[in-house]
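Peer 1: 3D, please:
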Amino acid sequence: MWQRSPSDGKMAGETPESSGTSLLHDAEATPRKPRHFLKDVIFHGKFQLLNCLTPEENTGCQHGLYFQDGERRVDYILTYHIKKPSSSRSNRQSSRFTDNAFTRSIRRGTARLGRAPTPQPRGDPEVASQDHSMDYHVDDKRLHREEFEGNLRDMGMELEKDEDTKTPGVGFVKIHAPWHVLCREAEFMKLKMPTKKVYEMKQSTGVGAKINTLVNKATEPLYPNVEDNRTHNVKHLSYMFSREKQHLFDLSDRDSFFDSKTRASIVFEVLKRTKCTKAKYSMGFTSLLGSGVYTDAYPLHDGDLDGENIEPNDRKLLYEEWASYSVFYKYQPIGLVRKYFGEKIGLYFAWLGLYTQMLIPASLVGVIVFLYGCATVDDNIPSMEICHPKNNITMCPLCDRACSYWKLKEACGTARASHLFDNPATVFFSIFMALWAAMFMEHWKRRQMRLNYEWDLTGFEEEEDHPRAEYELRVMQKSLKKEHKTQKNPTEIAEETTNKWKQTVQSAMAGLKLVLSVSSPPIHTYPTHTALWKSAKTEKEKLTCKDRLPAYMTNVVMMLLMIGVTFAIVFGVILYRISTKTALHMSNNPTTRSNVRLTVKTTAAIINLVVILILDEVYGAVARWLTVLEVPKTDKSFEERLIFKTFILKFVNAFTPIIYIAFFRGRLVGRPGSYLYVFESYRMEECAHGGCLMELCIQLSITMLGKQLIQNNLFEIGIPKLKKLIRYIKSKRRSFQEEEREKKLQRYETDHFLEPFAGLTPEYMEMIIQFGFVTLFVASFPLAPLFALLNNIIEIRLDAKKFVAELRRPVAARAKDIGIWYNLLRAVAKVAVIINAFVISFTSDFIPRLVYQYMYSPDGSMHGFVNHTLSYFNVSNFQDGKEPMDPQHQVEMCRYKDYREPPWSNTPYVISKEFWAVLAARLAFVIVFQNVVMLMSDIVDWLIPDIPKDISLQIHKEKILMVELFMKEEQGKIQFIDSMMPCGGKEKRNNHAPIARSRSIPHTHSHTHANNF
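Peer 2: Modelled structure (predicted):
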């Protein structure tokens, strides 16, 4: 590591302004290998490419991690577009090699001398006008960059430009924060840093400690080979950094005191506060990015992942011990993840790891429940009655005209399969999963508090974000509108405000471009800290509900419209199932007719999956657009509103088909002779005799597995690689240059081709939807936790590899919790209790079986249950044109599943009293199940404390040690003062205190006397 000089890298007697000016051209000022202009022109192909960087230069700048002097570390990168010559294609290809340092210095010298550019031949006036307009915009951006970079240097930052790169059309600005800037900003940001004080962490004793020791020894092979992941018995006492108390901190190695993650976040804070003010309206960092003054901004990764002679770095260690599929069975190095990516990303992976661990017991219990159903399927009396060879019950047709009568024993396979998921064990599993969700939430709160203590986040409070650029732009527009109304008469307002608004809208697009662009990072990647006005009057303005009313109305209408689109598509799939079933029944192929149900169920589920995947992408874009319309004030508000809208739309999209099958299908059918029709031709579909639970299971499994395999995994692997390929193609690099370029690219060039960080919202969202699949309908699909566990084992390593190798390094963000996602998890867990209660009581046959066994069975067994659930219908009562065209059985009576009076009763086909008894039992079960399970969840919540006892004691101990540290510091100051003062001075100082106290006594007495009066 390099050692900084006492002057922080500046030459003696150099002012910051002169230093910054010289630093701007450090790339050219640094001695380099001599280059010849003629040789550059002639050998502009491979030869120039292979010799563009000597080994000495490559080693000196540490592959782009340092400035050209090899000492100052690159903390942040800004990129901008370099205008390419437009003469011809060949000239464009060769210009990159001829535009070397020599020619650039000639152009700069000409510009300094004020010489006019060489006159160009006259051409087409329209083309010349377009070129002039383009040149004007390019110059305008250049002036903005120069002003912004000058302001950065005034803030103490050190800059270095590099336009002579192997990435055509892109210039790079390297930013370095010297020591005094780091100290100043760390104090402003209230960063907690480790002090010299080290204390021993109290170790628990007793039986629990012995058990923990045994468990740690047994699980030692599961820990990654990372130093930060090992448990330590000592901890540094942390305190908010202060320049006045630097003696408290170990500053022996200033280069490593602030790690690369902290340095980048500090530079990012400076960038947010810096703005351009010479324009008509000042522009901040986000506005500069959105308007194209700068194209990208990102911190650098620590180094390469593979290759020869690579120095050890945290990124390589994460790639080997975290992002590799060979270590899937090991714990995650959460401490190292936090150290490299920051607390916010560290909390996400800690939450994902805990969620995956908690899925292990849920998966085991789910497999046991499924195996129980497999073991008892041959003992299930209702399925045995259906499959009995002597069963000669004739069922009514499943559709009009095309379908014929059928025997109940044909549903033997469906009945047996339904028992695998519809048995008494599923009730127990539903209760278990509700308690599991409560324990998971409590366990996470404890884990979160432990991480807050270990990461020195105790007492951390997020400060209110500064207004976003789009919000300030709207406030500026509002202020301008008021100002025009007060200063101008009505006739002038109509003319002048029109042109003014055109300019305002054009400037608004600069800020909105960053938000609406698909390829750009999300809003929270570049939070704003800019003022877009100059007068103090505008600062008092703010957007009210009245200003946002059109946006709110648009949000409500669009949200309802998108939900209506989801319902319409589900309805379309229903019509597909009805028509396809009728068409397949008319087939002459006996195999086709025998597999009608399976074919229709499977194809409909696949169609639903495809629609869900497509609408997920559409709804994500719509939710972002609606959030932009609302113009939230801060980035946090923007993110929370975006998350809420996206969650609502994607939740409805994923679960609407499942909710229809679970609670509506088969209940809006009618009866033979009086069926319910849609559009007077489509008869509503009904469930199989075993109930809709089997179809619900098929829909759940296909949707869940399809989303996990296609959307979560395939898209996450394929899309980043595809975008990276597109960026490579856009860079117009020739094939023979590819290998050599990869070897010679600087670190900031390599990171430029990586995918920008898109935030954690997509990662959290897919896990929340998965959590819904695991908990909401677990009564019908006990294998859901197992599939989620297998997916998450891959998901953790896939996300890790994406963050380490495929994405640019994000700016580290501090956070003490997972924010709104915890509230969404709690909401899903509460709703899961209610939904599972309705699934057990209304979708499955659990309640009808209990009612029959204890109220109607002659011997208290399940014999006769199937016949009890079937009603009679006289085929002569069919409506004209609805009877089977070619009946295979000549029958007078057919059976259908319902509780209705027989045709020979005084009230034929009226709902029977058995129906009302079953309905009452179902509603009673829902009420009892919901209240009992929620009460048990609340008990679990009450029994498990949010803060672990040892962490609470350690936090209290830190407070005591901090007080002792400052008391010792104060005593040391007093002793130092006493030692420096002469004896007379001591006596004088000691005599001053009584005098001061005696002076205060009369004041106190006088105050007392005044009170007595």
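Peer 1: ranges for the helices of the stretch 101-250 of the chain?
Peer 2: Taking DSSP state H, counting those that start in this stretch as the criterion, the stretch 101-250 of the chain carries its helices at 101-112, 125-154, 179-189, 207-218.
Peer 1: ranking the ones you listed by mean pLDDT, which is last?
Peer 2: Ranked by mean pLDDT, the helices of the stretch 101-250 of the chain end with helix 101-112 in last place, scoring a mean of 40.
Peer 1: name the helices or strands packed onto the helix or strand that residue 962 is a member of?
Peer 2: If you go by DSSP states H and E, residue 962 is part of helix 949-980. Under the contact criterion of 3 or more Cβ pairs under 8 Å, 6 or more residues apart in numbering; DSSP states H and E, the helices and strands touching helix 949-980 comprise strand 192-200, strand 234-240, helix 424-454. (Each C-beta comes from the backbone N, C-alpha and C, glycine too.)
Peer 1: Could you name the helices and strands sitting against the second one?
Peer 2: When you say that, I think you mean strand 234-240. On a contact count with 3+ Cβ pairs under 8 Å, 6+ apart, strand 234-240 meets strand 192-200, helix 949-980.
Peer 1: most packed of the ones you listed?
Peer 2: When the helices and strands packed on strand 234-240 are scored by mean count of other Cβ atoms under 10 Å, the highest mean neighbour count falls to strand 192-200 (a mean of 16).
Peer 1: quick check: angle from that strand to helix 949-980?
Peer 2: Using axes from the mean of the first three to the mean of the last three Cα atoms, to 10 degrees, the inter-axis angle of strand 192-200 relative to helix 949-980 is 100 degrees.
Peer 1: what's near enough to touch residue 705?
Peer 2: Contact criterion Cβ atoms under 8 Å, 6 or more residues apart in numbering gives residue 787 as the residues in contact with residue 705.
Peer 1: how near is it to residue 671?
Peer 2: When distances are taken as Cβ to Cβ, to the nearest Å, residue 705 and residue 671 turn out to be 37 Å apart.
Peer 1: among the helices and strands packed on helix 949-980, which is the most enclosed?
Peer 2: Each of these was assessed for mean neighbour count using mean count of other Cβ under 10 Å. The highest is helix 424-454, with a mean of 20.
Peer 1: how about stretch 568-583: buried residues?
Peer 2: 569, 570, 573, 574, 577, 578, 581, 582 (16 or more other Cβ atoms under 10 Å).
Peer 1: quick one: which of the residues you listed is nearest to residue 770?
Peer 2: The nearest member of the buried residues of stretch 568-583 to residue 770, counting by Cβ to Cβ, is residue 570 at 21.0 Å.
Peer 1: now that closest one: how far from residue 394?
Peer 2: 33 Å.
Peer 1: Kindly report the same for residue 348.
Peer 2: Per Cβ to Cβ, residue 348 is found 59 Å from residue 394.
Peer 1: neighbour-wise, which of the two wins?
Peer 2: Comparing residue 348 with residue 394 by other Cβ atoms under 10 Å, the one with more neighbours is residue 348, at 21 against 17.
Peer 1: Is it possible to get TSV of the helices and strands packed on strand 234-240 that adds distance to residue 357 and mean pLDDT?
Peer 2: Rendered in TSV, the data for the helices and strands packed on strand 234-240 read as follows (distance: least, Cβ to Cβ, whole Å; pLDDT from 0 to 100):
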stretch	distance to residue 357	mean pLDDT
strand 192-200	29	85
helix 949-980	19	80
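Peer 1: and residue 826, which of those is closest to it?
Peer 2: The stretch from the helices and strands packed on strand 234-240 with the least distance to residue 826 (Cβ to Cβ) is helix 949-980; that distance is 22.2 Å.
Peer 1: Tell me the gap between the closest one and the middle of its chain.
Peer 2: In terms of Cα atoms, centre = their mean, to the nearest Å, the gap separating the centre of helix 949-980 from the centre of its chain is 41 Å.
Peer 1: now do stretch 649-667
Peer 2: Here stretch 649-667 shows a centroid-to-chain-centroid distance of 25 Å under the convention Cα atoms, centre = their mean.
Peer 1: Need the residues that contact the host helix or strand of residue 848.
Peer 2: Applying DSSP H and E as the criterion places residue 848 in helix 846-851. Here helix 846-851 makes contact (Cβ under 8 Å, 6+ apart) with 382, 422, 424, 426-427, 840-841, 862, 865, 869, 914, 917-918, 921-922, 925.
Peer 1: picking that back up, mind putting the helices and strands packed on helix 949-980 into CSV with distance to residue 857?
Peer 2: Putting the helices and strands packed on helix 949-980 into CSV (distance: least, Cβ to Cβ, whole Å) gives the following:
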stretch, distance to residue 857
strand 192-200, 69
strand 234-240, 67
helix 424-454, 16
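Peer 1: Sheet-wise, list the partners of the host helix or strand of residue 297 with their directions.
Peer 2: In this structure, residue 297 sits in strand 296-298 according to DSSP H and E. For strand 296-298, sheet partners with direction are given as strand 76-81 (antiparallel), following DSSP bridges.
Peer 1: If we go by neighbour counts, what in the partner strand is buried?
Peer 2: Of all the residues in strand 76-81, those buried under the rule 16+ other Cβ under 10 Å are 76, 77, 78, 79, 80.
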